[in-house]
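just a sequence and a predicted model for now, questions to come.
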Amino acid sequence: SGPGGLTCAGDLAKMGYGVTIFEAFHDTGGVLRYGIPEFRLPKAIVDREVDYVKSLGVNIELNMVIGKVFSLEELFDRGFDAVFVAVGAGAPAFLGIEGENLVGVYSANEFLTRVNLMKANRRDYDTPVHVGRRVAVIGAGNVSMDAARTAQRLGADEVTIVYRRSWEEMPARAAEVIHAEHEGIRFQLLTSPTSILGDESGRVRGLECIRMALGEPDASGRRRPVPLPGSEFEIECDMVIPALGNKANPLLTSNSPAIKLNPWGNIVADRETGATSIPGVFAGGDIVIGAATVIEAMGAGKRAARAIDHGARRRSHDSQASSTASGTATRNTSSALAAPMPEIPTASYNQSGAVWYRVGATISARFDPPKLRTNTRAAPTPIDGSSIGSRMRRTRSARPAPRPAATARYSASSPSNAAISTRTMKGSARNS
(Lines give C-alpha, C1' and ligand atoms only; values in the text may rest on other atoms or scores of the structure.)
Protein backbone atom coordinates (compact mmCIF):
# COMPACT_ATOMS: atom_id res chain seq x y z
CA SER A 1 0.00 0.00 0.00
CA GLY A 2 2.83 2.36 -0.87
CA PRO A 3 2.65 5.10 -3.51
CA GLY A 4 2.65 2.72 -6.48
CA GLY A 5 0.05 0.38 -5.04
CA LEU A 6 -2.30 3.11 -3.85
CA THR A 7 -2.13 4.85 -7.22
CA CYS A 8 -2.81 1.67 -9.20
CA ALA A 9 -5.65 0.66 -6.87
CA GLY A 10 -7.28 4.09 -7.02
CA ASP A 11 -7.17 4.25 -10.81
CA LEU A 12 -8.59 0.75 -11.20
CA ALA A 13 -11.37 1.45 -8.70
CA LYS A 14 -12.34 4.58 -10.64
CA MET A 15 -12.52 2.43 -13.78
CA GLY A 16 -15.06 0.21 -12.02
CA TYR A 17 -13.00 -2.76 -10.85
CA GLY A 18 -13.11 -4.42 -7.48
CA VAL A 19 -9.64 -3.99 -5.94
CA THR A 20 -7.95 -5.50 -2.89
CA ILE A 21 -4.61 -4.35 -1.50
CA PHE A 22 -2.59 -6.82 0.55
CA GLU A 23 -0.21 -5.01 2.94
CA ALA A 24 2.46 -6.85 4.93
CA PHE A 25 2.67 -4.25 7.70
CA HIS A 26 0.07 -3.46 10.32
CA ASP A 27 -0.55 -0.03 8.81
CA THR A 28 -0.92 1.46 5.36
CA GLY A 29 1.21 3.82 3.29
CA GLY A 30 4.37 1.82 2.65
CA VAL A 31 7.46 4.00 2.36
CA LEU A 32 5.28 7.10 2.78
CA ARG A 33 4.69 6.04 6.37
CA TYR A 34 7.77 4.07 7.45
CA GLY A 35 10.47 5.72 5.37
CA ILE A 36 9.78 9.44 5.30
CA PRO A 37 10.02 11.27 8.64
CA GLU A 38 7.08 13.17 10.10
CA PHE A 39 8.85 16.51 9.74
CA ARG A 40 9.04 15.96 5.97
CA LEU A 41 5.71 14.23 5.36
CA PRO A 42 3.09 14.49 8.13
CA LYS A 43 1.30 11.17 8.51
CA ALA A 44 -2.06 12.98 8.53
CA ILE A 45 -1.50 13.56 4.81
CA VAL A 46 -0.81 9.85 4.25
CA ASP A 47 -3.98 8.95 6.20
CA ARG A 48 -6.00 11.35 4.06
CA GLU A 49 -4.72 9.80 0.83
CA VAL A 50 -5.36 6.26 2.06
CA ASP A 51 -8.88 7.21 3.19
CA TYR A 52 -9.58 8.62 -0.27
CA VAL A 53 -8.53 5.36 -1.92
CA LYS A 54 -10.74 3.44 0.53
CA SER A 55 -13.66 5.75 -0.32
CA LEU A 56 -13.40 4.56 -3.93
CA GLY A 57 -14.26 1.05 -2.73
CA VAL A 58 -10.76 -0.36 -2.44
CA ASN A 59 -10.41 -3.07 0.21
CA ILE A 60 -7.12 -3.09 2.18
CA GLU A 61 -6.06 -6.17 4.11
CA LEU A 62 -3.22 -5.64 6.61
CA ASN A 63 -0.68 -8.12 7.96
CA MET A 64 -0.82 -10.07 4.70
CA VAL A 65 2.67 -11.09 3.57
CA ILE A 66 2.21 -12.17 -0.03
CA GLY A 67 4.72 -14.90 -0.69
CA LYS A 68 3.99 -16.44 2.71
CA VAL A 69 0.23 -16.17 3.25
CA PHE A 70 -0.53 -16.60 -0.45
CA SER A 71 1.66 -17.03 -3.49
CA LEU A 72 1.00 -15.08 -6.67
CA GLU A 73 -0.49 -18.18 -8.25
CA GLU A 74 -2.85 -18.70 -5.29
CA LEU A 75 -4.25 -15.20 -5.74
CA PHE A 76 -5.59 -16.24 -9.14
CA ASP A 77 -7.07 -19.37 -7.56
CA ARG A 78 -8.94 -17.07 -5.17
CA GLY A 79 -10.72 -15.36 -8.06
CA PHE A 80 -8.48 -12.41 -8.89
CA ASP A 81 -7.97 -11.61 -12.57
CA ALA A 82 -4.79 -9.52 -12.31
CA VAL A 83 -2.10 -8.76 -9.76
CA PHE A 84 0.10 -5.67 -9.49
CA VAL A 85 3.26 -6.21 -7.43
CA ALA A 86 4.46 -3.03 -5.73
CA VAL A 87 6.54 -4.39 -2.86
CA GLY A 88 9.39 -1.91 -3.21
CA ALA A 89 13.06 -2.66 -2.66
CA GLY A 90 13.11 -3.10 1.08
CA ALA A 91 16.23 -5.12 1.86
CA PRO A 92 19.00 -2.84 3.20
CA ALA A 93 22.54 -2.90 1.84
CA PHE A 94 25.61 -3.03 4.07
CA LEU A 95 29.30 -2.38 3.57
CA GLY A 96 30.37 -5.87 4.53
CA ILE A 97 32.99 -4.55 6.97
CA GLU A 98 33.94 -5.83 10.40
CA GLY A 99 31.72 -4.74 13.27
CA GLU A 100 28.37 -4.41 11.49
CA ASN A 101 26.81 -6.80 14.02
CA LEU A 102 27.73 -4.69 17.04
CA VAL A 103 25.04 -3.23 19.31
CA GLY A 104 24.33 0.29 18.12
CA VAL A 105 24.44 -0.44 14.37
CA TYR A 106 21.11 0.12 12.61
CA SER A 107 20.41 0.10 8.90
CA ALA A 108 18.68 3.33 7.89
CA ASN A 109 15.60 1.26 6.99
CA GLU A 110 15.34 -0.28 10.44
CA PHE A 111 16.03 2.98 12.23
CA LEU A 112 13.45 4.98 10.28
CA THR A 113 10.86 2.19 10.44
CA ARG A 114 11.16 1.97 14.23
CA VAL A 115 10.68 5.71 14.54
CA ASN A 116 8.18 6.50 11.79
CA LEU A 117 5.97 3.40 11.67
CA MET A 118 6.39 1.95 15.15
CA LYS A 119 6.51 5.29 17.00
CA ALA A 120 9.74 4.64 18.90
CA ASN A 121 10.04 8.43 19.37
CA ARG A 122 6.88 8.52 21.52
CA ARG A 123 6.78 7.68 25.19
CA ASP A 124 3.34 6.07 24.91
CA TYR A 125 4.83 3.35 22.66
CA ASP A 126 7.14 0.53 23.77
CA THR A 127 9.17 0.22 20.56
CA PRO A 128 12.84 0.21 21.56
CA VAL A 129 15.34 2.37 19.70
CA HIS A 130 18.87 3.26 20.69
CA VAL A 131 20.03 6.79 19.92
CA GLY A 132 23.66 7.44 20.65
CA ARG A 133 25.32 10.59 21.87
CA ARG A 134 27.53 10.69 18.79
CA VAL A 135 25.98 9.24 15.61
CA ALA A 136 27.73 8.44 12.32
CA VAL A 137 25.54 8.04 9.21
CA ILE A 138 27.29 6.34 6.28
CA GLY A 139 26.20 7.57 2.87
CA ALA A 140 24.93 10.85 1.43
CA GLY A 141 21.62 10.10 -0.28
CA ASN A 142 18.18 11.39 0.68
CA VAL A 143 17.72 8.51 3.14
CA SER A 144 21.01 9.45 4.82
CA MET A 145 19.77 13.00 5.34
CA ASP A 146 16.49 11.72 6.79
CA ALA A 147 18.29 9.36 9.18
CA ALA A 148 20.74 12.04 10.33
CA ARG A 149 18.05 14.67 10.93
CA THR A 150 15.87 12.11 12.73
CA ALA A 151 18.72 11.07 15.05
CA GLN A 152 19.36 14.69 15.94
CA ARG A 153 15.69 15.25 16.73
CA LEU A 154 15.78 12.23 19.04
CA GLY A 155 18.49 13.82 21.16
CA ALA A 156 21.88 12.99 19.65
CA ASP A 157 24.52 15.55 20.62
CA GLU A 158 26.48 15.20 17.40
CA VAL A 159 25.54 13.68 14.04
CA THR A 160 28.04 13.23 11.21
CA ILE A 161 27.44 12.10 7.65
CA VAL A 162 30.42 10.09 6.40
CA TYR A 163 30.74 10.08 2.61
CA ARG A 164 33.54 8.79 0.41
CA ARG A 165 33.15 11.42 -2.31
CA SER A 166 32.81 15.22 -2.33
CA TRP A 167 29.93 17.69 -2.33
CA GLU A 168 29.55 17.50 -6.10
CA GLU A 169 28.96 13.75 -6.18
CA MET A 170 26.34 13.58 -3.42
CA PRO A 171 23.23 11.75 -4.67
CA ALA A 172 20.91 13.57 -2.24
CA ARG A 173 18.80 16.44 -3.49
CA ALA A 174 20.52 19.78 -2.96
CA ALA A 175 17.62 21.00 -0.81
CA GLU A 176 17.98 18.03 1.54
CA VAL A 177 21.69 18.71 1.99
CA ILE A 178 21.05 22.39 2.68
CA HIS A 179 18.41 21.54 5.31
CA ALA A 180 20.81 19.15 7.02
CA GLU A 181 23.55 21.78 7.06
CA HIS A 182 21.22 24.39 8.52
CA GLU A 183 20.24 21.99 11.29
CA GLY A 184 23.85 21.45 12.32
CA ILE A 185 24.55 18.05 10.74
CA ARG A 186 28.29 17.65 10.17
CA PHE A 187 29.85 16.26 7.00
CA GLN A 188 33.00 14.17 6.89
CA LEU A 189 33.69 13.99 3.15
CA LEU A 190 36.23 12.01 1.12
CA THR A 191 36.13 9.45 3.91
CA SER A 192 35.40 5.72 3.69
CA PRO A 193 34.76 3.45 6.71
CA THR A 194 36.95 0.37 6.94
CA SER A 195 35.57 -1.15 10.17
CA ILE A 196 33.24 -0.45 13.08
CA LEU A 197 35.01 -0.60 16.42
CA GLY A 198 33.44 -2.16 19.51
CA ASP A 199 34.12 -2.22 23.23
CA GLU A 200 34.39 -5.22 25.54
CA SER A 201 30.58 -5.41 25.88
CA GLY A 202 30.00 -5.59 22.12
CA ARG A 203 28.78 -2.02 21.68
CA VAL A 204 29.92 0.54 19.13
CA ARG A 205 32.72 2.80 20.30
CA GLY A 206 34.01 4.24 17.04
CA LEU A 207 34.37 4.11 13.27
CA GLU A 208 37.71 3.41 11.66
CA CYS A 209 38.08 5.26 8.33
CA ILE A 210 40.52 6.07 5.57
CA ARG A 211 40.72 9.29 3.60
CA MET A 212 39.98 9.21 -0.12
CA ALA A 213 40.92 11.12 -3.26
CA LEU A 214 38.83 11.31 -6.43
CA GLY A 215 40.11 9.54 -9.52
CA GLU A 216 38.58 8.92 -12.94
CA PRO A 217 34.77 8.72 -13.39
CA ASP A 218 33.20 5.29 -12.91
CA ALA A 219 30.14 3.75 -14.62
CA SER A 220 27.80 6.11 -12.74
CA GLY A 221 29.61 9.14 -14.16
CA ARG A 222 30.92 10.17 -10.76
CA ARG A 223 34.61 10.28 -10.02
CA ARG A 224 35.81 7.09 -8.40
CA PRO A 225 37.17 7.44 -4.83
CA VAL A 226 40.68 6.12 -4.34
CA PRO A 227 42.09 5.35 -0.83
CA LEU A 228 45.08 7.35 0.35
CA PRO A 229 47.60 4.98 1.97
CA GLY A 230 48.56 5.89 5.50
CA SER A 231 45.59 8.22 6.07
CA GLU A 232 43.66 5.97 8.46
CA PHE A 233 41.92 7.64 11.41
CA GLU A 234 39.06 7.06 13.85
CA ILE A 235 35.74 8.84 14.36
CA GLU A 236 34.44 8.63 17.90
CA CYS A 237 30.80 7.50 17.93
CA ASP A 238 28.47 5.15 19.77
CA MET A 239 25.91 4.61 16.99
CA VAL A 240 26.38 3.87 13.29
CA ILE A 241 23.63 4.04 10.65
CA PRO A 242 24.59 2.62 7.23
CA ALA A 243 22.36 4.31 4.61
CA LEU A 244 23.77 2.72 1.48
CA GLY A 245 20.64 2.08 -0.57
CA ASN A 246 18.30 -0.88 -0.82
CA LYS A 247 17.92 -4.04 -2.82
CA ALA A 248 15.02 -6.28 -3.70
CA ASN A 249 13.48 -8.29 -0.88
CA PRO A 250 13.20 -11.93 -2.08
CA LEU A 251 10.29 -12.76 0.21
CA LEU A 252 7.69 -12.68 -2.58
CA THR A 253 9.78 -13.58 -5.60
CA SER A 254 11.43 -16.61 -3.99
CA ASN A 255 7.99 -18.20 -3.66
CA SER A 256 7.04 -17.53 -7.29
CA PRO A 257 9.74 -19.24 -9.37
CA ALA A 258 7.91 -18.52 -12.64
CA ILE A 259 8.54 -14.79 -12.37
CA LYS A 260 11.64 -13.61 -14.20
CA LEU A 261 14.25 -11.63 -12.25
CA ASN A 262 17.35 -9.68 -13.26
CA PRO A 263 20.79 -10.43 -11.74
CA TRP A 264 20.07 -8.06 -8.81
CA GLY A 265 16.81 -9.80 -7.87
CA ASN A 266 14.48 -7.16 -9.34
CA ILE A 267 11.42 -8.26 -11.29
CA VAL A 268 11.80 -7.99 -15.05
CA ALA A 269 8.78 -6.03 -16.31
CA ASP A 270 7.82 -4.05 -19.38
CA ARG A 271 8.55 -0.38 -18.72
CA GLU A 272 5.34 0.79 -20.44
CA THR A 273 2.82 -1.72 -19.11
CA GLY A 274 4.48 -3.40 -16.12
CA ALA A 275 3.74 -6.85 -17.59
CA THR A 276 5.94 -9.62 -16.18
CA SER A 277 6.77 -13.17 -17.32
CA ILE A 278 3.61 -14.45 -15.57
CA PRO A 279 0.41 -13.64 -17.54
CA GLY A 280 -1.83 -11.36 -15.50
CA VAL A 281 0.94 -10.31 -13.12
CA PHE A 282 2.24 -6.75 -13.38
CA ALA A 283 4.96 -5.02 -11.38
CA GLY A 284 6.29 -1.53 -10.94
CA GLY A 285 8.26 0.83 -8.74
CA ASP A 286 11.39 -0.03 -6.79
CA ILE A 287 10.94 -3.79 -7.18
CA VAL A 288 11.51 -3.27 -10.92
CA ILE A 289 13.89 -0.31 -11.26
CA GLY A 290 15.59 -0.34 -7.87
CA ALA A 291 15.40 2.32 -5.19
CA ALA A 292 13.94 5.44 -6.82
CA THR A 293 11.36 8.12 -6.06
CA VAL A 294 7.75 8.26 -4.93
CA ILE A 295 6.63 9.90 -8.17
CA GLU A 296 8.27 7.16 -10.26
CA ALA A 297 6.38 4.52 -8.28
CA MET A 298 3.12 6.42 -8.79
CA GLY A 299 3.76 6.61 -12.52
CA ALA A 300 4.35 2.85 -12.66
CA GLY A 301 1.05 2.31 -10.82
CA LYS A 302 -0.84 4.43 -13.34
CA ARG A 303 0.70 2.66 -16.32
CA ALA A 304 -0.08 -0.76 -14.83
CA ALA A 305 -3.70 0.24 -14.16
CA ARG A 306 -4.14 1.22 -17.81
CA ALA A 307 -2.53 -2.02 -18.97
CA ILE A 308 -4.73 -4.15 -16.67
CA ASP A 309 -7.84 -2.35 -17.91
CA HIS A 310 -6.72 -2.71 -21.55
CA GLY A 311 -6.19 -6.46 -21.14
CA ALA A 312 -9.48 -7.02 -19.32
CA ARG A 313 -11.50 -5.22 -21.97
CA ARG A 314 -9.67 -7.01 -24.76
CA ARG A 315 -10.48 -10.39 -23.19
CA SER A 316 -14.11 -9.37 -22.80
CA HIS A 317 -14.30 -8.27 -26.43
CA ASP A 318 -12.70 -11.50 -27.66
CA SER A 319 -15.04 -13.57 -25.48
CA GLN A 320 -18.12 -11.82 -26.83
CA ALA A 321 -16.92 -12.20 -30.40
CA SER A 322 -16.41 -15.92 -29.83
CA SER A 323 -19.89 -16.29 -28.30
CA THR A 324 -21.50 -14.44 -31.20
CA ALA A 325 -19.70 -16.60 -33.73
CA SER A 326 -20.98 -19.76 -32.05
CA GLY A 327 -24.56 -18.48 -32.05
CA THR A 328 -24.80 -17.79 -28.31
CA ALA A 329 -25.54 -14.48 -26.65
CA THR A 330 -24.94 -15.15 -22.98
CA ARG A 331 -23.49 -12.46 -20.73
CA ASN A 332 -19.85 -12.96 -19.78
CA THR A 333 -20.47 -13.33 -16.06
CA SER A 334 -17.05 -14.84 -15.43
CA SER A 335 -15.38 -11.50 -16.06
CA ALA A 336 -18.46 -9.30 -15.54
CA LEU A 337 -17.18 -6.87 -18.15
CA ALA A 338 -19.76 -5.06 -20.25
CA ALA A 339 -20.28 -5.31 -24.01
CA PRO A 340 -20.08 -4.10 -26.71
CA MET A 341 -16.34 -3.66 -26.72
CA PRO A 342 -15.01 -1.08 -29.19
CA GLU A 343 -11.45 -0.90 -30.43
CA ILE A 344 -9.31 0.66 -27.72
CA PRO A 345 -7.98 4.01 -28.94
CA THR A 346 -4.30 4.69 -28.59
CA ALA A 347 -4.63 8.46 -28.31
CA SER A 348 -4.23 10.07 -24.91
CA TYR A 349 -6.09 12.92 -23.26
CA ASN A 350 -3.89 15.61 -24.75
CA GLN A 351 -4.78 14.56 -28.28
CA SER A 352 -7.97 15.99 -29.73
CA GLY A 353 -10.83 13.56 -30.14
CA ALA A 354 -9.43 10.79 -27.97
CA VAL A 355 -12.10 8.51 -26.54
CA TRP A 356 -11.63 6.18 -23.58
CA TYR A 357 -14.05 3.76 -21.96
CA ARG A 358 -14.52 3.21 -18.27
CA VAL A 359 -15.77 -0.29 -17.54
CA GLY A 360 -18.00 -1.11 -14.58
CA ALA A 361 -19.65 -4.35 -13.57
CA THR A 362 -22.18 -4.35 -16.36
CA ILE A 363 -21.91 -0.81 -17.71
CA SER A 364 -19.52 0.75 -20.18
CA ALA A 365 -19.49 4.48 -19.62
CA ARG A 366 -18.17 6.60 -22.44
CA PHE A 367 -16.57 9.91 -21.60
CA ASP A 368 -14.64 12.48 -23.57
CA PRO A 369 -11.28 13.96 -22.61
CA PRO A 370 -11.27 17.31 -20.81
CA LYS A 371 -10.38 20.34 -22.82
CA LEU A 372 -6.87 21.49 -22.09
CA ARG A 373 -6.02 25.15 -21.72
CA THR A 374 -3.18 26.40 -23.84
CA ASN A 375 -0.54 28.16 -21.82
CA THR A 376 0.31 31.24 -23.83
CA ARG A 377 2.56 32.82 -21.23
CA ALA A 378 6.15 33.25 -22.20
CA ALA A 379 8.64 31.02 -20.45
CA PRO A 380 10.52 32.79 -17.66
CA THR A 381 14.01 33.92 -18.46
CA PRO A 382 16.58 31.79 -16.59
CA ILE A 383 18.49 33.70 -13.96
CA ASP A 384 22.09 34.22 -15.06
CA GLY A 385 21.32 32.09 -18.12
CA SER A 386 21.09 28.88 -16.11
CA SER A 387 18.45 26.60 -14.65
CA ILE A 388 17.53 26.51 -11.00
CA GLY A 389 19.04 23.04 -10.69
CA SER A 390 22.41 24.16 -11.97
CA ARG A 391 22.26 27.25 -9.77
CA MET A 392 21.71 25.06 -6.73
CA ARG A 393 24.62 22.85 -7.77
CA ARG A 394 26.89 25.85 -8.17
CA THR A 395 25.70 27.11 -4.80
CA ARG A 396 26.56 23.79 -3.21
CA SER A 397 29.93 23.59 -4.94
CA ALA A 398 30.71 27.11 -3.80
CA ARG A 399 30.49 26.08 -0.16
CA PRO A 400 33.74 26.18 1.73
CA ALA A 401 35.33 22.79 2.25
CA PRO A 402 34.69 21.26 5.68
CA ARG A 403 37.31 21.94 8.32
CA PRO A 404 39.82 19.05 8.46
CA ALA A 405 39.26 18.70 12.20
CA ALA A 406 35.48 18.36 11.86
CA THR A 407 34.16 14.88 12.28
CA ALA A 408 30.80 13.33 12.32
CA ARG A 409 27.83 16.09 13.78
CA TYR A 410 18.13 8.96 5.51
CA SER A 411 12.69 0.65 -6.56
CA ALA A 412 7.93 1.23 -3.00
CA SER A 413 8.94 0.56 -1.95
CA SER A 414 12.02 -2.00 4.05
CA PRO A 415 10.15 -5.21 4.43
CA SER A 416 7.08 -3.54 2.94
CA ASN A 417 5.10 -6.00 0.86
CA ALA A 418 2.09 -4.53 -0.90
CA ALA A 419 0.41 -6.46 -3.69
CA ILE A 420 -2.55 -5.08 -5.57
CA SER A 421 -5.04 -7.66 -6.73
CA THR A 422 -7.87 -6.84 -9.09
CA ARG A 423 -11.07 -8.74 -9.45
CA THR A 424 -13.91 -7.63 -11.69
CA MET A 425 -17.08 -6.65 -9.83
CA LYS A 426 -19.84 -9.21 -9.73
CA GLY A 427 -23.50 -8.71 -9.04
CA SER A 428 -25.08 -5.26 -9.29
CA ALA A 429 -23.76 -2.74 -11.73
CA ARG A 430 -21.33 -0.13 -10.51
CA ASN A 431 -20.73 3.07 -12.46
CA SER A 432 -17.82 4.94 -10.88
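Yes, it's here. The structure displayed is predicted, hence computed values, not measured ones.

need the three-state assignment for the closest residue to residue 228 other than its chain neighbours.
Setting aside the residues directly before and after it, residue 228 is nearest to residue 211 in space (C-beta to C-beta, 6 or more residues apart in numbering), at 4.8 Å. Glycine gets a C-beta too; all of them are placed from N, C-alpha and C. Under DSSP: H, G, I helix; E, B strand; the rest coil, the three-state class of residue 211 is strand.

can you get me a residue count around residue 211?
The number of residues packed near residue 211 is 19, by other C-beta atoms under 10 Å.

which stretches in this protein count as helices?
Using DSSP state H, the helices of the chain run over residues 3-15, 31-34, 43-55, 72-77, 108-116, 142-153, 174-182, 250-253, 286-289, 294-325, 388-397.

centre of the chain to the second one, how far?
Put simply, helix 31-34 sits 9 Å off its chain's centre (C-alpha atoms, centre = their mean, to the nearest Å).

which strands and helices lie in contact with that helix?
helix 43-55, helix 108-116 (3 or more C-beta pairs under 8 Å, 6 or more residues apart in numbering; DSSP states H and E).

let's see that with 10 Å instead.
Counting by 3 or more C-beta pairs under 10 Å, 6 or more residues apart in numbering; DSSP states H and E, the packing neighbours recorded for helix 31-34 are helix 3-15, helix 43-55, helix 108-116, helix 294-325.

out of those helices, deepest packed?
Highest mean neighbour count of these: helix 3-15, a mean of 27 (counted as mean count of other C-beta atoms under 10 Å).

now do that one, average pLDDT.
Mean per-residue pLDDT for helix 3-15: 95.

turn the helices and strands packed on helix 31-34 into JSON lines, columns for distance to residue 23.
Listed next are the helices and strands packed on helix 31-34 as JSON lines, based on distance: least, C-beta to C-beta, whole Å:
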{"stretch": "helix 3-15", "distance to residue 23": "8"}
{"stretch": "helix 43-55", "distance to residue 23": "10"}
{"stretch": "helix 108-116", "distance to residue 23": "14"}
{"stretch": "helix 294-325", "distance to residue 23": "15"}
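
ok, which of the ones you listed comes nearest residue 34?
helix 108-116 (4.5 Å; C-beta to C-beta).

ok, residue 287 touching residue 4?
Yes - Residue 287 lies in contact with residue 4 (C-beta atoms under 10 Å); the separation is 8.8 Å.

just to revisit the earlier point, next, format the helices of the chain as TSV and append distance to residue 276.
Formatted as TSV, the helices of the chain follow (distance: least, C-beta to C-beta, whole Å):
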stretch	distance to residue 276
helix 3-15	14
helix 31-34	21
helix 43-55	23
helix 72-77	9
helix 108-116	25
helix 142-153	27
helix 174-182	33
helix 250-253	10
helix 286-289	9
helix 294-325	10
helix 388-397	34
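
I figured residue 254 was touching residue 66, is that so?
No - contact between residue 254 and residue 66 fails when scored by C-beta under 10 Å: they sit 11.9 Å apart.

looking at the two, which one has more neighbours?
Set side by side, residue 254 and residue 66 show more neighbours around residue 66, with 24 against 12, by other C-beta under 10 Å.

and the helices and strands packed on helix 31-34, which one is worst for confidence?
Among the helices and strands packed on helix 31-34, helix 294-325 scores lowest, with a mean of 85.

give me the number of residues near the closest residue to residue 140 other than its chain neighbours?
Nearest-residue entry for residue 140: residue 163, 3.9 Å, with adjacent residues in sequence omitted and distances by C-beta to C-beta, 6+ apart. Neighbour count of residue 163, defined by other C-beta under 10 Å: 25.

alright, that wraps it up for me.
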